[in-house]
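J.: pasting the structure only:
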DNA sequence: TAATCAAATGCAACACAATTGCATTTGAAT
DNA sequence: ATTCAAATGCAATTGTGTTGCATTTGATTA
């Protein structure tokens, strides 16, 4: 029996798990990011959270990232984008070893989790902790519109 | 017979090739970035170029990137880092399909060009233009100091 | 080598992202 | 209901990057 991952109940459970108080701003951030196929940019989040102070949003994003609830990825413009981690993320040790696809047209960042990445080699001396494959190009939507 | 890639002469040639005027600030940017194993962060560049206006630096970095002379990579903090492209880069079409390694200790970004990346698959509909593998962990230097 | 002119630089001002310190509020525990 | 650390809100600041315009400079050509 699978747990639902995008219900208000799940969000409260998530905050409990990480010993974080269940506050309105935090629950709002989670619900804003859920149900989105793509990561949410900081500017988008800020306008979505219009009744919440900017500083509060930054602090929420920071704790969420530290706790492994969300992860951050920078798009082609250097803008921070945030997405809820699907699984395997722990405090101070993310396992977001998936593919980030950044569309050059709509600028959306897709987190393609179900892709298993191939192994790769590093020169001696480098100790890898985590990695992501970052690809750019056209997403399905923009690819269609192109024709 | 191989051409040297980090001499003042080579830099002038590089600017000629891309129809850019050989100016003092531009040559300085190139010499600052050359001979470095790692990419140079924007803040570092700015303090190294202390006699050059900030705006000029930004404009130089932008044309160099457009022309394919350098490429930009964001580190874990979202700070822009710049490195001279080794080869294969053309205007508006970079081929920086190499590994970027970001050390979590010293924050240095290594561009490991000689590594050939494995192939990977994408869900249908995505049209890939370019990609980089972005890894985090400890670089050889920090890895040594750790023990 | 002097004149010319677009290209490049410098300066002032601005826009936006992100942080810090401190006062106030609030969720959870007693 | 009371309490208190945790979380939020507010004011101010720092840092990154951009825009418009005046000035300077490198390459061209006379």
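T.: Looks like it arrived, so ask away. A quick note: this is a predicted structure, and the numbers were derived from the prediction, not measured. Numbers count the residues shown, from 1 in each chain, chains lettered A, B, ... in the order given.

J.: Which parts of chain A are helices?
T.: A:8-17, A:24-33, A:42-48, A:54-67, A:140-146 (DSSP state H).

J.: from these, which stretch is densest packed?
T.: For these, the stretch with the most neighbours on average is helix A:24-33, a mean of 18; neighbours defined as mean count of other CB atoms under 10 Å in any protein chain shown. Just so you know, the C-beta spots here come from the backbone N, C-alpha and C atoms, and that holds for glycine as well.

J.: does that helix come close to DNA strand D?
T.: Yes - for helix A:24-33 and DNA strand D, the contact criterion (CB under 7 Å from any atom of the strand) is met by A:24, A:25, A:26.

J.: Can you tell me how far the second one is from residue A:56?
T.: This means residue A:25. Distance from residue A:25 to residue A:56, counting by CB to CB, to the nearest Å: 6 Å.

J.: repeat for the first one
T.: Between residue A:24 and residue A:56 the distance is 10 Å, computed by CB to CB.

J.: With the last one instead?
T.: In this structure, residue A:26 and residue A:56 are separated by 9 Å, where distance is defined by CB to CB.

J.: now swap in residue A:113 and tell me
T.: For residue A:113, the distance to residue A:56 - CB to CB - is 28 Å.

J.: do the same with residue A:21
T.: Spatial separation of residue A:21 from residue A:56 under the definition CB to CB is 13 Å.

J.: what does residue A:45 give?
T.: 11 Å.

J.: How about residue A:135?
T.: Taking CB to CB, one finds residue A:135 at 33 Å from residue A:56.

J.: so does stretch A:55-74 get close to DNA strand D?
T.: Yes - in terms of CB under 7 Å from any atom of the strand, part of stretch A:55-74 sits within range of DNA strand D, namely A:55, A:56, A:59, A:60, A:63.

J.: how far does that stretch sit from the chain's center?
T.: Mean C-alpha position of stretch A:55-74 versus that of the full chain (CA atoms, centre = their mean, to the nearest Å) differs by 9 Å.

J.: And for stretch A:42-53?
T.: In terms of CA atoms, centre = their mean, the centre of stretch A:42-53 is set 16 Å apart from its chain centre.

J.: so how far is the first residue of it from its last?
T.: 13 Å (CA to CA, to the nearest Å).

J.: So which residues make contact with it?
T.: With CB atoms under 8 Å, 6 or more residues apart in numbering or on different chains as the contact definition, stretch A:42-53 has outside contacts at A:25, A:28-29, A:32-33, A:40, A:54, A:57, A:61, A:79-82.

J.: If we use 6 Å, what do you get?
T.: Identification of contacts with stretch A:42-53 by CB atoms under 6 Å, 6 or more residues apart in numbering or on different chains yields A:25, A:32, A:57, A:80.

J.: Contacts (any at all) between DNA strand D and it?
T.: Yes - using CB under 7 Å from any atom of the strand, stretch A:42-53 comes into contact with DNA strand D via A:51, A:52, A:53.

J.: Quick one: buried ones out of those?
T.: Buried positions within the residues of stretch A:42-53 next to DNA strand D, assessed by neighbour count (16 or more other CB atoms under 10 Å in any protein chain shown), are residue A:52.

J.: Name whatever forms a beta bridge with the nearest residue to residue A:146 once chain neighbours are set aside.
T.: The shortest distance from residue A:146 to any non-neighbouring residue, by CB to CB, 6 or more residues apart in numbering or on different chains, is to residue A:138 (6.5 Å). Here residue A:138 sits in beta bridges with residue B:127, going by DSSP bridges.

J.: so residue A:138 sits right up against residue B:128, yeah?
T.: No - with contact taken as CB atoms under 6 Å, residue A:138 and residue B:128 are classed as non-touching, separated by 8.6 Å.

J.: Nice, that's everything, thank you.
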